[in-house]
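Chemist: predicted model follows, preceded by the sequence.
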Amino acid sequence: MKQTKSIIWGLAIIALGVIFGGNALGIFNINIFFDGWWTLFIIIPSLISLFTEREKFFSLAALAAGIILLLAAQDVFSFEVAGKTILAVVLILVGLGLISKAVFGNKISKEIEKKIEEKVKELEDDKTADSQMAVFSGSDRVYKDEVFSGSHLLAVFGGVDLDIRKAKFNKDAAIKAFCLFGGIDIRVPEDVQVKIKSGFIFGGVSDDRKGDSSKGKYTIYLEAAGGFGGITISDQKKK
């Protein structure tokens, strides 16, 4: 995905260079400084993100806002109308997102859902359980030959990084994670299974593991929730 984004950005920059070069050499005359040209700094990045990012809400909202502002700059309507229209579009997208999550949300079997609830309840009753919190900040935790039994993770306008790839397991574990306008990265061993229960509004859990953990001895039960953020699960070293 990052490679695709780099290619698209590279093509866009090349096209810009061709336009500047062609104008300078008199081959053609393309005026890129039209009324509202500055909205391209909103439209182009959001358009690229729309095709390269998993979560589409911010990309759609930004693209709509950029187009509306461009029309206002072209005197199709006033900027006052543009502001109200942008608000209306955002509200519509939020509503559609809520409906989509309710209808096409994360589907897991009742058995797995029940098991996750049981494990998370055990985690909440465990007063010695590990926890990480990042509010307008960051938090990193790396396990090295330590026993991992579970963790509470919270990220609000911040980032949490939990690396348990070298942790020891003597039983199944649970992780309860919540992020709001933030991100959580969880790196797990290749031989540990992960079962996920997710409830997000404009966000979600991305499982980027490369290894096959289907026959792993232990299982991590993840209960994830939040909004306008994301949780990534990986079995690779942090880049």
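Modeler: That came in fine, so what should we check first?
Chemist: what's the spatially most distant residue from the centre of the chain sitting at in phi/psi?
Modeler: Within the chain, G26 marks the point farthest from the mean C-alpha position, 44.5 Å out by Cα atoms, centre = their mean. Per-residue torsions, G26: phi 80, psi 10 (degrees, to the nearest 10).
Chemist: do L154 as well
Modeler: Phi and psi for L154, reported as degrees, to the nearest 10, are phi -140, psi 130.
Chemist: okay, domains of the chain per the record?
Modeler: Here the domain assignment for the chain is 2-104, 110-234, based on automatic domain parsing.
Chemist: and stretch 31-38, average pLDDT?
Modeler: This predicted structure assigns stretch 31-38 an average pLDDT of 82.
Chemist: could you dump that stretch to PDB, C-alpha only?
Modeler: Taking C-alpha atoms only, stretch 31-38 is exported to PDB below (Å, rounded to 0.1, in the frame of the first residue of the first chain):
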ATOM      1  CA  ASN A  31      -2.200  28.000 -16.100                       C
ATOM      2  CA  ILE A  32      -2.200  26.100 -12.800                       C
ATOM      3  CA  PHE A  33      -2.800  29.300 -10.800                       C
ATOM      4  CA  PHE A  34      -6.500  29.500 -11.500                       C
ATOM      5  CA  ASP A  35      -9.000  30.700  -9.000                       C
ATOM      6  CA  GLY A  36      -9.000  28.300  -6.100                       C
ATOM      7  CA  TRP A  37      -5.800  26.500  -7.200                       C
ATOM      8  CA  TRP A  38      -4.900  26.200  -3.500                       C
END
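Chemist: that stretch: how far from the chain's middle?
Modeler: Relative to the mean C-alpha coordinate of its chain, stretch 31-38 is positioned 32 Å out (Cα atoms, centre = their mean, to the nearest Å).
Chemist: show me what it is in contact with.
Modeler: The set of residues that contact stretch 31-38 without belonging to it, under Cβ atoms under 8 Å, 6 or more residues apart in numbering, is 16, 19, 69-75. Backbone N, C-alpha and C define where each C-beta goes, glycine included.
Chemist: pLDDT wise, what is R165 at?
Modeler: 90.
Chemist: for it, pull up the helix or strand it's in.
Modeler: Following DSSP states H and E, one finds R165 within strand 159-168.
Chemist: now do the buried residues in that strand.
Modeler: Counting neighbours by 16 or more other Cβ atoms under 10 Å, one finds that the buried residues in strand 159-168 are 159-165, 167.
Chemist: now for those, which pair is the farthest apart?
Modeler: G159 and A167 (20.1 Å; Cβ to Cβ).
Chemist: list the beta-bridge partners for the nearest residue to R187 once chain neighbours are set aside.
Modeler: Computed as Cβ to Cβ, 6 or more residues apart in numbering, the closest residue to R187 that is not its neighbour in sequence is D163, at 4.6 Å. Partner residues in beta bridges with D163, using DSSP bridges, are V142, R187.
Chemist: residue ranges in the chain under the pLDDT threshold?
Modeler: Under the criterion pLDDT under 70, the flagged ranges of the chain are 1-5, 52-56, 98, 100-109, 201-202, 211-213, 238-239.
Chemist: which residues of it fall in helices?
Modeler: All helices of the chain, identified by DSSP state H, fall at 2-25, 40-52, 57-73, 79-104, 110-125.
Chemist: dump the shortest one to CSV, restricted to CA.
Modeler: Put plainly, it is helix 40-52. The C-alpha atoms that make up helix 40-52 are tabulated as CSV, following Å, rounded to 0.1, in the frame of the first residue of the first chain:
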residue,chain,number,x,y,z
LEU,A,40,-5.6,21.2,-5.0
PHE,A,41,-3.5,20.8,-1.8
ILE,A,42,-6.7,19.3,-0.3
ILE,A,43,-8.1,17.5,-3.3
ILE,A,44,-5.0,15.7,-4.6
PRO,A,45,-3.8,14.2,-1.2
SER,A,46,-7.3,13.1,-0.3
LEU,A,47,-7.8,11.6,-3.8
ILE,A,48,-4.6,9.6,-3.4
SER,A,49,-5.6,8.5,0.1
LEU,A,50,-8.9,7.4,-1.1
PHE,A,51,-7.3,4.7,-3.3
THR,A,52,-4.4,3.8,-0.9
